[in-house]
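Engineer: Just need the structure, nothing else, for what follows:
(2 chains)
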Amino acid sequence: METQPVFKNKLLPYLLIAPQIILTGLWFIYPSVEALYQSFFRTDPLGVRTTFIGIQNYTRLFSDPRFFSSLRVTLVFAVLVTVLSMFIGLFLASMADKPLRGKRVYRTLLLLPYALAPAVTAVLWRFLLAPRVGIIARFLGDIGIRWDYRLDGGQALLLVILVAVWQRIAYNFIFYLAALQSVPRSVVEAAHLDGAGSKRTFWSIVYPILSPTTFFLLIMNIVYSLFEGFGIVHALTQGGPAGATEILVYRLYVDGMIYQNINRSAAQSVILLVFVVLLTALQFRWVEKRVHYA
Amino acid sequence: MKRVMLCVLGAALLLGSLAAASEVPAGRVELEVWFSLRGALYEAFQEEAARFNESQDKYWVNAIWKGTYPEVLSITIAAIRAGNPPHIVQVFEVGTATIMAMEDVVYPIANLMADTGIPFDGSDYLPGVAGYYALPDGRVGGLAFNSSTSVMWYNKDAFRAAGLDPDQPPQTWAEVRAAAKQIVDAGAAPIGLSAAWPTWTLFEQMSALHNQPLASRGNGFEGLDAELMLGSDFWVAHLQMLLEMHQEGSFVWGGRDAEADGLFPAGEAAMLLASSGLRARIEREADFDWGVAYLPYHDDVVESPYNSILGGAALWALRPPQATEEHFRGMAEYFAFLTEAENIVLRHINTGYMPVTYEAYNLATAQGYYDEVPAAEIPVLQLLRTETVEHSRGIRLGNMPAIRVLMYEELERAFA
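Structural biologist: Got it, this is the predicted structure:
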């Protein structure tokens, strides 16, 4: 057993973690506490009169069918974005891991979408898919598909999921690629010599080695789709048509910024936070058991 | 990764604000103006502010773009809550009731000008304009800046291709419907008719044109206890007609807010109900022969239509806690500059927005502008067509941005 290195200076460790603590406090703890506090009040738009109303903001939310439809959209969005982007990311990474001519080019190209802000991504896709004027939309029209995500809720949801997945693939790709490169070649070759097919090799050897990465990505992707989906929805559909793409984080923006109901919005952000914490805790409790740390 | 980006972002914001602050020349009093115009209109706004900055050496207007109209309103409310609002803010017409309610922070223009002793004639505004931004007691509240109304833009080339007379645009809904169908059937354009700002052009304007209530209490002008009246026979019949047009392919839903604007200059829609302020963009982008027509009306409801109502936005003076007499004087000077007839006419010619005062309207007429470009006078004539009646003064409802979102959702459900 190696001895752990010890800081001689008692102050230094605190100094080193200070930036992290300050940033977390400023950007996470403070707003969360403020949101929790605000969610028990009712304030007029200008913040002149504030009344304590207990948990009324919450009880109203839970009796609002609109909130549940938003919750449903959120779930569909989060699950599909996570599953699809991880699956495609893994597939592309395993392709790029093979000996290929010009694989640096492929890898760089596959990484590019990650460098774009969600809103920019959304605008790019709008050029392609804007009803009637977008290039792909025209093509779809020519083959007889009526593409109009401004009116068709299913198409709108499909569109925001597609754009989110497209952007998210890059992130999953780079993590899977790094993980794949740490798979020992000798083990894989030994398996081949023992007569294992590539499918068997993948599921019995490669996949367990990838499981810590998969677990990490699972959490990151869910968190991403719950929060970062905002930029895409805002730039493409504003939650429409008729609420079909209104994920929770967008719903609380509409309630807070357009309807000027800050307190109801705060209550929703608290619910969203609790939701994410619970989901992550559950995953650590159940999914992590099946993760194999090498 | 994220934290690094946050740090970088923070540093960039800090540097950005330092850079913005350092642009103000030494010795000048800075006036912060938040606005939301884009593209050609953004440039026109900045150019006008720059001319004001050059015209004197005491004040410096720092015009900052803060997002779309609804976003600017929300951000302003948040800034007021935080005690840090700008000196001047641009608020779109549907935010008027909301900003008026902020009595403690808003500095009515009439009072600002009187307190600083700068001459200002509030009675010279065109009737529909003055009433819209007047406080309940008749004082001028906000400065009508970029006032527009909705008109029907039409593509003359598409009209010719469909065998329609390009100099006789349709006037009634029945005529518009027939023309739109003829255009689509002839393949002259992919879309016959579409509408930008659909709640404004298809509902609020129709309320005025036909003197039909959108809300009780004179569309909210007579009190805060107004109720929406969208269930009346008039609206049912109107929406039914739009749905039939949608089904037969002569009308296409173009999306919320300004989303449909691009359909016209791109040549997609042969007719578009949109703001008169769209002209700057059409002049820049459209490569076909176009014209302007009056908004269509239902001739089975009224024999001749009433005046249309105002759109666009006004500039409102605020009282930031840290503002001094010197700031207020600067704001008043800036407003006086923006109200000079020459400047209003220049704005009118460059952007398609309204000449908001009689003096400016007469000046444009005297300069022969309307002889040269008759189409430019249509929005003014439409706005001044009749004396305002009960429901043609405008729409003044609190939370109007939220009402519009709800209407969008229901319309999307109907057209889907």
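Engineer: these two touch, right, residue B:36 and residue B:74?
Structural biologist: No - using CB atoms under 8 Å, residue B:36 is not in contact with residue B:74, being 11.2 Å away. (Glycine included, C-beta is placed from N, CA and C.)
Engineer: neighbours around whichever residue of the stretch 251-400 of chain B sits closest to chain A, how many?
Structural biologist: Of all residues in the stretch 251-400 of chain B, residue B:255 sits closest to chain A, with a separation of 4.5 Å (CB to the nearest CB). With neighbours defined by other CB atoms under 10 Å in any protein chain shown, the count for residue B:255 comes to 27.
Engineer: what's the answer for the one 5 residues further on, then?
Structural biologist: Residues near residue B:260, counting by other CB under 10 Å, number 25.
Engineer: do residue A:242 as well
Structural biologist: Residue A:242: 20 surrounding residues under other CB under 10 Å.
Engineer: For it, what are phi and psi?
Structural biologist: Backbone torsions for residue A:242, taken as degrees, to the nearest 10, come to phi 50, psi 40.
Engineer: How about the one 5 residues further on?
Structural biologist: The phi/psi pair for residue A:247 (degrees, to the nearest 10) reads phi -70, psi 160.
Engineer: Strands along the chain, start to end?
Structural biologist: This is for chain A. Assigned by DSSP state E, chain A shows strands spanning A:41-43, A:50-52.
Engineer: Chain B is the one I meant
Structural biologist: With strands called from DSSP E, chain B shows them at B:29-35, B:59-65, B:88-92, B:143-155, B:191-195, B:251-252, B:269-275, B:290-293, B:310-317.
Engineer: The first one close to chain A?
Structural biologist: Just to be clear, that refers to strand B:29-35. No - on the criterion CB under 8 Å from any CB of the partner chain, strand B:29-35 is out of touch with chain A, staying 15.3 Å away.
Engineer: In the lengthiest helix in chain A, which residues are buried?
Structural biologist: With DSSP state H applied, the helix covering the greatest number of residues in chain A is identified as helix A:65-96. Of all the residues in helix A:65-96, those buried under the rule 16 or more other CB atoms under 10 Å in any protein chain shown are A:67, A:70-71, A:73-74, A:77-78, A:80-82, A:84-86, A:88-90, A:92-94, A:96.
Engineer: Can you tell me, leaving aside adjacent residues, what's nearest to residue A:53?
Structural biologist: With sequence-adjacent residues excluded and distances taken as CB to CB, 6 or more residues apart in numbering or on different chains, residue A:53 is closest to residue A:42, at 4.9 Å.
Engineer: Which residues are in contact with the one you found?
Structural biologist: Neighbouring residues of residue A:42 by CB atoms under 8 Å, 6 or more residues apart in numbering or on different chains: A:50, A:51, A:53, A:56, A:57, A:263.
Engineer: and the residues you listed, which are buried?
Structural biologist: A:56, A:57, A:263.
Engineer: can I get these in CSV with distance to residue B:245 and pLDDT?
Structural biologist: Formatted as CSV, the entries for the buried ones among the contacts of residue A:42 read as follows, by distance: CB to CB, whole Å; pLDDT from 0 to 100:
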residue, distance to residue B:245, pLDDT
A:56, 44, 90
A:57, 42, 90
A:263, 42, 90
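Engineer: Filter those down to just the ones in helices.
Structural biologist: A:56, A:57, A:263.
Engineer: Now the first one: closest residue in space that isn't a chain neighbour?
Structural biologist: When you say that, I think you mean residue A:56. Excluding the flanking residues, the one nearest residue A:56 by CB to CB, 6+ apart is residue A:42, at 7.5 Å.
Engineer: State the distance from that neighbour to chain B.
Structural biologist: Between residue A:42 and chain B the computed distance is 15 Å (CB to the nearest CB, to the nearest Å).
Engineer: So in terms of bridging, what pairs with that residue?
Structural biologist: According to DSSP bridges, residue A:51 are recorded as the beta-bridge partners of residue A:42.
Engineer: Just the pLDDT for it.
Structural biologist: Looking at residue A:42, its pLDDT stands at 88.
Engineer: ok, now residue B:15?
Structural biologist: As summarised for this prediction, residue B:15 has a pLDDT of 45.
Engineer: count of neighbours near whichever residue of chain B sits closest to chain A?
Structural biologist: Of the residues in chain B, the one nearest chain A is residue B:412, at a distance of 3.6 Å by CB to the nearest CB. Residues near residue B:412, counting by other CB under 10 Å, number 23.
Engineer: show me the contacts for the residue nearest to it when sequence neighbours are not counted.
Structural biologist: In space, and not counting its chain neighbours, residue B:412 is closest to residue A:241: 3.6 Å by CB to CB, 6+ apart. When contacts are counted by CB under 8 Å, 6+ apart, residue A:241 is found next to A:149, A:150, A:151, A:152, A:153, A:156, B:409, B:412, B:413, B:416.
Engineer: ok, for residue B:202, nearest residue in space, not its chain neighbours?
Structural biologist: The shortest distance from residue B:202 to any non-neighbouring residue, by CB to CB, 6+ apart, is to residue B:195 (5.3 Å).
Engineer: Please look at that neighbour and residue B:275 and confirm they touch.
Structural biologist: No - look at residue B:195 against residue B:275 with CB under 8 Å: they stay out of range, at 10.9 Å.
Engineer: Next one: the nearest residue to the residue of the stretch 251-400 of chain B closest to chain A once chain neighbours are set aside, what pLDDT does it get?
Structural biologist: Nearest residue to residue B:255, sequence neighbours excluded (CB to CB, 6+ apart): residue A:150, at 4.5 Å. For residue A:150, the model assigns a pLDDT of 89.
Engineer: With the one 4 residues further on instead?
Structural biologist: The predicted structure scores residue A:154 at 92 on the pLDDT scale.
Engineer: What is the burial count for it?
Structural biologist: So residue A:154, with other CB under 10 Å, has 11 neighbours.
Engineer: Now for the residue lying closest to it once chain neighbours are set aside, how many residues are close by?
Structural biologist: Of all residues beyond its chain neighbours, the one nearest residue A:154 is residue A:244 (7.3 Å), with distances taken as CB to CB, 6+ apart. For residue A:244, the tally of surrounding residues (other CB under 10 Å) stands at 24.
Engineer: ok, now residue B:146?
Structural biologist: For residue B:146, the tally of surrounding residues (other CB under 10 Å) stands at 25.
Engineer: Low-confidence stretches in the stretch 201-350 of chain B?
Structural biologist: Residue ranges of the stretch 201-350 of chain B with pLDDT under 70: none are present.
Engineer: Residue A:17: neighbour count?
Structural biologist: Other residues near residue A:17 number 11, with proximity taken as other CB under 10 Å.
Engineer: which residues does it contact?
Structural biologist: Contacts here follow CB under 8 Å, 6+ apart; on that basis residue A:17 touches nothing.
Engineer: Close to chain A: what parts of chain B are there?
Structural biologist: Applying CB under 8 Å from any CB, we find that chain B lies next to chain A at B:3, B:6-7, B:70-71, B:74, B:77, B:80-81, B:98, B:101-102, B:104-105, B:190-191, B:252-256, B:259, B:262-263, B:266, B:268, B:399, B:401-402, B:405, B:408-410, B:412-413, B:415-416.
Engineer: hmm, which of these are the buried ones?
Structural biologist: Among the residues of chain B next to chain A, those classed as buried by 16+ other CB under 10 Å are B:70, B:74, B:77, B:80, B:98, B:102, B:105, B:190-191, B:252-256, B:259, B:262-263, B:268, B:399, B:401-402, B:405, B:408-409, B:412, B:415-416.
Engineer: Which ones among those residues lie within helices?
Structural biologist: Using DSSP H, the members of these that fall within helices are B:70, B:74, B:77, B:80, B:98, B:401, B:402, B:405, B:408, B:409, B:412, B:415.
Engineer: picking that back up, so who does the residue nearest to residue B:202 touch?
Structural biologist: Neighbours of residue B:195 in contact, by CB under 8 Å, 6+ apart: B:201, B:202, B:251, B:254, B:260, B:272, B:273, B:274.
Engineer: Need the residues that contact stretch A:174-187.
Structural biologist: With contact meaning CB under 8 Å, 6+ apart, stretch A:174-187 is reached by A:89-90, A:93-94, A:96-97, A:107, A:111, A:114, A:205-206, A:209-210, A:212-213, A:216-217.
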